[in-house]
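Colleague: prediction below, plus the sequence it came from.
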Amino acid sequence: MNCKSLLLIFMAAIMVCLPACSHHNSTPPAQISVSVSGSGSVVEGATSQYTATVSNDSSNSGVNWTCSTTGTASCSAANFSPAQTASGSATTFTAPSAVESVTITATSVADSSASFPLTVNITSSGTTGFQGAYSYYAAGTDADDVNYTVAGAITIDANGNVTGGEQDFNDSDGVTASADTITGGSLALDPTTNTGTLTLITNDETLGTETFEVSFPNNSHALIAEFDSDATSTGSLDLQTSPTTPPTGAYAFAGAGFDIDFDPFVAGGVMTVGSGSLSGTIDVDDDGIVTLDSSFSGSATAPDSFGRGTISNSPFGIEVSYYVVGPEVIRVIDLDTDAQLLGSAYGQGDSAGSFSNNSVGQSVISVSGNSVFVPIGLVGQFTTTPSGGSFMGVADVDDVGDVVNASAINGTYSMDTTGYGNMTITNAGALGYNLLGIYGVDLNLNINDPNNPVGGGGALVVELDTEGLGVGFLVPQTDIVTADFSGNYVFDGQFVTTNDEADFLANGSVSDLSLSGTGVVNDPFGDFSGDVALNSNVTFNGTFTADGSNPGRYVINPLNMIFSETNSVPITATVYQASGGELVWLETDSESTMIGQLQQQGSPSAGARRAARKAGVKH
C-alpha cells in the first residue's frame with residue numbers, strides 16, 4: 001500500500017471519529033431549577049402572594065402550584081389562583097382554616113423533577129393586645145424603580161381582621177391616590193416574636209392589595225416593610241390614641257420628597273397650629289438651593305374618623321394630607337401629582353417657648369438621603385457645651401461609597417426659644433455634611449416610638465447643604481453601658497445604591513455582643529439575593545465590637561445576611577447606642593448605603609429606666 005492510500009484511510013478514520021468526539025465533549029444543557037418567594041406565615045383563611053422563578057426553561061412553561069399538609073387542613077391546588085403561573089408571575093394563595101404548617105410547592109411544567117417546596121406557617125387570626133386604630137407610613141421604591149410614599153390609618157379587631165381604613169399614595173411617576181378606602185385585610189402574628197404579616201385591601205384597582213411585614217417592639221408600635229411583588233419600603237405603624245382630635249399647639253416638623261421638576265428637596269421647621277390655621281418658620285433645601293428662616297401660614301381641616309385631614313398652603317409649599325397618631329404626632333403626605341413628600345410633625349408640649357441651647361445635650365444622630373437618588377447616610381454621637389454653643393463628637397458617613405469611619409466632628413449650634421435651631425460642622429469630619437437644621441420636640445416625646453414613655457426629647461434634623469440632602473433625628477444618649485442593650489430586638493434597614501433599593505425587617509436577640517435573628521429581605525432588583533425578590537427566613541448574625549476610644553460606638557464586621565447555603569452577603573455596619581433599648585446603624589461599604597434602627601422588645605430595660613430618670617425624663 002502506498003503512502004497516498006494510507007493517508008486517505010487515516011483521514012477517513014478522523015472524519016468518522018469527529019462527530020462522536022464532538023458529542024462526547026459538548027456541555028450538557030443546564031438543568032431546570034425553581035425558586036419561590038413569599039411570606040413564611042399567613043393568617044388562617046387569609047390570602048398572600050407567592051412568585052416562582054424558573055431558570056433554564058427554554059419553553060417558558062412556568063410552574064404548577066400544589067399544597068400539602070400532614071395535619072388536618074385541607075390544602076391543594078385549589079388554594080391557588082391561578083394554579084399555574086409563568087415564571088416571575090404571582091399566584092394568590094388562600095390559607096386553610098387551621099393553625100398548622102403546610103408545604104406549598106411550585107413544580108416546573110417542563111420538568112416535573114424540578115420543584116421548590118416552601119413551608120408556610122398558618123397562624124391564628126387572634127391578635128389580642130394588638131387590636132385598635134393604627135396609623136402607618138412608609139417610603140420606598142416600586143418594582144419599576146419609581147420612588148413612592150404611602151400613609152394611612154386602619155382599625156384592627158381582636159381576631160386580626162382589618163375592619164376599615166383610609167390611605168393616601170403618591171409616587172414620582174405622577175400616580176396619586178387620595179383618600180383611598182381600605183376595605184379589608186388581616187394581621188397575622190407569631191405570638192412568640194410578635195412578628196408577622198399585615199395585608200391591606202384597597203379599593204384602588206392600581207394598588208390592589210398591599211402586604212407589609214411587621215414587627216412589634218411593644219403593643220403600640222411596629223417597624224414595617226412592604227413585602228410584595230409591587231414595591232419595597234420601610235416605615236412604622238403606631239397606635240392612634242386620639243385620632244379625631246385636631247392638632248393644636250407648637251410643633252417641630254420635617255419632610256423629604258421631590259419638587260415639580262423632579263428634583264429632590266427637604267424641609268423642616270417649627271410651627272403653631274390652632275383653630276384650623278397654622279404658621280411658623282421653615283428651612284428648605286431644594287436640590288442645593290437653600291432658603292433659611294422663612295415665614296409661612298396655612299390652614300387645616302379637622303381630622304375625620306380615621307384621623308385624616310388636609311392642609312392647604314402647607315409649610316412645604318404643596319397640598320398635603322395628614323394622619324393623627326396622637327395629640328403630639330401627625331404624619332404628612334403630599335397630594336400633588338407633580339410633587340412628592342413624606343414627613344412628620346411632633347409636638348413640643350410643655351417645652352414650647354422655653355427651648356435653648358440647654359435643650360440639646362449628649363446625643364445620637366442619624367440622617368439619611370431621601371431616596372435612591374440621594375444615597376447618603378450619617379450616624380454619630382456628640383456632647384455639647386450649651387453655654388458656648390459648641391459640640392464635639394464622632395461620626396460615620398457613607399456618601400455614595402465615599403466612606404469615613406469614626407471621624408471626629410466639632411462645631412457650633414444654637415436653638416432659640418421656639419425650638420428652631422441649627423448645627424454647623426466646622427471641620428471636615430463629616431464629608432459633605434456641614435449645615436443641619438435642628439427642630440426641638442417635647443422632652444417627653446419619643447421620636448421613634450411616639451407612645452413609649454421612655455426615650456423622649458431630641459430634635460428633627462434636616463441637612464441644608466448645597467451638595468447633599470437628608471432628613472433624620474437626634475435623640476438623647478442616655479445609656480452607653482454595653483450590657484444594657486442585651487435582649488430581644490426588632491431591626492430594619494433600607495439599602496440604597498445610585499439606582500436601586502432593597503429593604504429588610506428582622507427579629508432577633510443580642511447576647512454577649514452577638515446579634516442573631518431571622519427576617520425578610522425585599523430585593524426587587526436582585527442586588528443581594530440574585531434572582532429572588534421576596535426572601536423569607538433570611539438569617540442575620542454578627543458580633544458588636546466596642547470602640548474603646550468612643551464608648552457608645554460599635555462596629556459589626558461582618559454583619560451577615562444569609563439567604564441560603566450558597567448565598568451569604570456580608571456587610572460592615574457601624575452602630576451607635578442611644579440607650580439600652582434604642583440603637584441606630586449605618587452600612588459603611590462602598591457598594592451601597594444602609595441605614596436603620598434596632599429597637600428592643602418589651603418593657604424598657606432597667607438600665608434605660610435608670611438613665612432616663614437621671615436625665616430627668618418623666619414617665
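Modeller: It's in.
Colleague: any idea where the strands of the stretch 101-250 of the chain begin and end?
Modeller: Using DSSP state E, counting those that start in this stretch, the strands of the stretch 101-250 of the chain run over residues 101-108, 115-123, 132-142, 147-156, 162-171, 176-190, 195-202, 209-218, 221-226, 231-239, 249-258.
Colleague: just want the angle from the longest one to strand 195-202.
Modeller: Read that as strand 176-190. 150 degrees (axes from the mean of the first three to the mean of the last three C-alpha atoms, to 10 degrees).
Colleague: mind listing what's buried along strand 176-190?
Modeller: Neighbour counts using 16 or more other C-beta atoms under 10 Å place 176, 177, 178, 180, 182, 184, 185, 186, 187, 188, 189, 190 of strand 176-190 among the buried residues. (C-beta placed from N, C-alpha, C; glycine too.)
Colleague: so who does the second one touch?
Modeller: Taking C-beta atoms under 8 Å, 6 or more residues apart in numbering as the criterion, residue 177 is in contact with 167, 168, 169, 170, 202, 204, 206, 207.
Colleague: now residue 262: closest residue in space, sequence neighbours ignored.
Modeller: Among residues not flanking residue 262 along the chain, residue 172 sits closest, at 6.4 Å (C-beta to C-beta, 6 or more residues apart in numbering).
Colleague: where does that neighbour fall, phi/psi-wise?
Modeller: phi -80, psi 10 (degrees, to the nearest 10).
Colleague: swap in residue 430?
Modeller: Backbone phi and psi, for residue 430 under degrees, to the nearest 10, turn out to be phi -120, psi 30.
Colleague: surely it touches residue 379?
Modeller: No: the pair formed by residue 430 and residue 379 falls short of the contact definition of C-beta atoms under 8 Å, at 10.5 Å.
Colleague: who touches both of the two?
Modeller: Common neighbours of residue 430 and residue 379 (C-beta under 8 Å, 6+ apart) are residue 395.
Colleague: any idea how far the residue lying closest to residue 600 once chain neighbours are set aside is from residue 447?
Modeller: Using C-beta to C-beta, 6+ apart and skipping the chain neighbours, the partner closest in space to residue 600 is residue 581 (3.7 Å). Applying C-beta to C-beta, to the nearest Å, one obtains 13 Å for the distance of residue 581 from residue 447.
Colleague: have a look at these two and say which one is more surrounded.
Modeller: Regarding residue 581 and residue 447, a neighbour count based on other C-beta atoms under 10 Å identifies residue 581 as having more, with 31 against 24.
Colleague: and residue 321, what does it touch?
Modeller: Taking C-beta under 8 Å, 6+ apart as the definition of contact, the neighbours of residue 321 are 151, 168, 178, 179, 308, 309, 310, 311, 332, 333, 335.
Colleague: which among these gets closest to residue 419?
Modeller: Using C-beta to C-beta, the shortest approach to residue 419 within those belongs to residue 332, at 17.8 Å.
Colleague: residue boundaries of the helices in this structure?
Modeller: Counting by DSSP state H, the chain forms helices over residues 3-25, 606-614, given from the N-terminal end onward.
Colleague: mind telling me which of those the model trusts least?
Modeller: Note on the helices of the chain: lowest mean pLDDT is at helix 606-614, with a mean of 33.
Colleague: residue 397 and residue 528: what is the separation?
Modeller: Shown here: residue 397 relative to residue 528, a distance of 22 Å by C-beta to C-beta.
Colleague: neighbour count winner among the two?
Modeller: Under the neighbour definition other C-beta under 10 Å, residue 397 and residue 528 were set side by side, and residue 397 has more, 26 against 21.
Colleague: in the sheet, who's paired with the more buried one?
Modeller: Going by DSSP bridges, residue 397 is paired in beta bridges with residue 378, residue 404.
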